[in-house]
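[1] could you work out the structure for the sequence below:
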Amino acid sequence: MKFKKIILLCTLITAATVHNSCGKSKNNVAPAPVTVIKPDTNKIGVPPKTWQEHWFEHKLLLHLVYYDKNTAVYYDDNMETSVTWPYKTMSAVWAYAKKTYGLFGDSTKLYCVFHKGTYGGGHPASYFDDSHDYRNTIDCGLDDWTAPTGQQIGMPIHETGHIVSGASHGVKGSPSDALWGDSKFMEIYNYDVLMNIGMKDEAGRVYEQMQSQYDDFPVPHVQWFKNWFYPIYSKYGKAQLLNKYFDLLAKYYPKNGKEYAHDLNWGEFIHFWSGAAGANLKAQATIAFGWKDEWETQFKQAQVDFPNLKY
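    Next up is the predicted model:
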């Protein structure tokens, strides 16, 4: 995941709909006054009251509306201050992410930017990126933020997943993106987060949606969630499996300094997931994706190149 230069072309997995994160919203509304919510005085680390955007085409002045030990929430002038659900919800999302995947840099906070009627879609940045002042950030724009359902909750969680996959365990980059694209990990990530922040109904809608979700990579008519991620997730430790995959990559996959040196091939991909599961996942991969002679060669070579992964 290249946070600095590219606005992600995300196929966002939501609780009930798939959303293109880079579509532009056309309907601006009149600015509404923004009131800074009084924070919990027991929390430390006060974020700035305003934040001037200076990334991509974003040029608005943002206003702090809420913060706690996990999040700092910023609205543009078009956001209604009556929309308060992101405060505690995104705090719960980031608290769960830190509990599951560890800290992301020195900052414990996730900076959540919400736009209404402009800058449609979403993108992330991590503590590695100067583009967003080295803050773990999600920036999301929709025409409607009234309730934490569908894409309104799916988009922000999805963007935190990019921080998890692209900046966890002290290493920058996501060498898996070349294989799973923008959204395939986010399907299981969104499901897991929703299940663990008290939103099981929304998680259930993600699960049901994924039963008829098909993709054309690495071969036509693939169901990543149904035939790959959910079976290994449910059988081999759920979130513990997801975190261990990134942990093993950080420990053993080639790096240039603090950044991954290159992308995974398919054999390495299955080898590292097998290491995370503690079980040979070739059979499940064959169900999900088929199995090519090239992958067999890569898989055997990965076992030689990364012998510390046991299964």
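
[2] give the closest residue to Asn227 in space, chain neighbours not counted.
    Leaving aside its sequence neighbours, Asn227 sits nearest to Ala288 (Cβ to Cβ, 6 or more residues apart in numbering; 3.9 Å). The way it works is simple: take the backbone N, C-alpha and C, and place the C-beta from them, glycine included.

[3] identify the residues contacting the closest residue to Ala167 other than its chain neighbours.
    Nearest residue to Ala167, sequence neighbours excluded (Cβ to Cβ, 6+ apart): Ser126, at 3.6 Å. Contacts for Ser126 (Cβ atoms under 8 Å, 6 or more residues apart in numbering) come out as Phe3, Phe104, Gly105, Asn136, Thr137, Ile163, Gly166, Ala167, Lys172.

[4] the second one contacts Thr160, correct?
    No. With contacts defined as Cβ atoms under 8 Å, Phe104 does not count as touching Thr160, sitting 9.8 Å away.

[5] give me the common contacts of those two.
    Residues touching both Phe104 and Thr160 (Cβ under 8 Å, 6+ apart): Ala97.

[6] measure the residue nearest to Ala277 when sequence neighbours are not counted to Ser165 for me?
    Leaving aside its chain neighbours, Ala277 sits nearest to Tyr236 (3.9 Å; criterion: Cβ to Cβ, 6+ apart). Distance of Tyr236 to Ser165, computed by Cβ to Cβ, to the nearest Å: 18 Å.

[7] so which of these two has more stuff around it?
    Between Tyr236 and Ser165, counting by other Cβ atoms under 10 Å, Ser165 is the more crowded of the two (24 against 19).

[8] tell me the secondary structure of that one, please.
    What DSSP: H, G, I helix; E, B strand; the rest coil gives for Ser165 is helix.

[9] i'd like the first residue to be 14 from this point on
    Noted, 14 is the first residue going forward, which turns the last one into Ser178.

[10] nearest residue to it other than its sequence neighbours?
    With sequence-adjacent residues excluded and distances taken as Cβ to Cβ, 6+ apart, Ser178 is closest to Ser187, at 4.6 Å.

[11] so that neighbour, which state does it fall into?
    Ser187 falls in the coil class when you classify it by three-state DSSP.

[12] ok, which stretches of the stretch 214-324 of the chain are helices?
    Ranges of helices in the stretch 214-324 of the chain, per DSSP state H, counting those that start in this stretch, are 237, 243-248, 252-265, 279-290, 295-302, 306-318.

[13] list the buried residues in the last one.
    Residues of helix 306-318 classed as buried under the neighbour-count rule (16 or more other Cβ atoms under 10 Å) are Trp308, Gln311, Phe312, Ala315, Gln316.

[14] just checking, what packs against that helix?
    Applying 3 or more Cβ pairs under 8 Å, 6 or more residues apart in numbering; DSSP states H and E, we find helix 306-318 packed against helix 279-290.

[15] and the helix it packs on, average pLDDT?
    Mean pLDDT, helix 279-290: 98.

[16] now do the strands in the stretch 114-263 of the chain.
    123-129, 134-138, 150-155 (DSSP state E, counting those that start in this stretch).

[17] partner strands of the longest one, parallel or antiparallel?
    The partner list of strand 123-129 in its sheet, established with DSSP bridges, is strand 84-88 (parallel), strand 150-155 (parallel).

[18] looking at these, which is closest to Phe198?
    Nearest of the strands paired with strand 123-129 to Phe198, taken as Cβ to Cβ: strand 150-155 at 15.7 Å.
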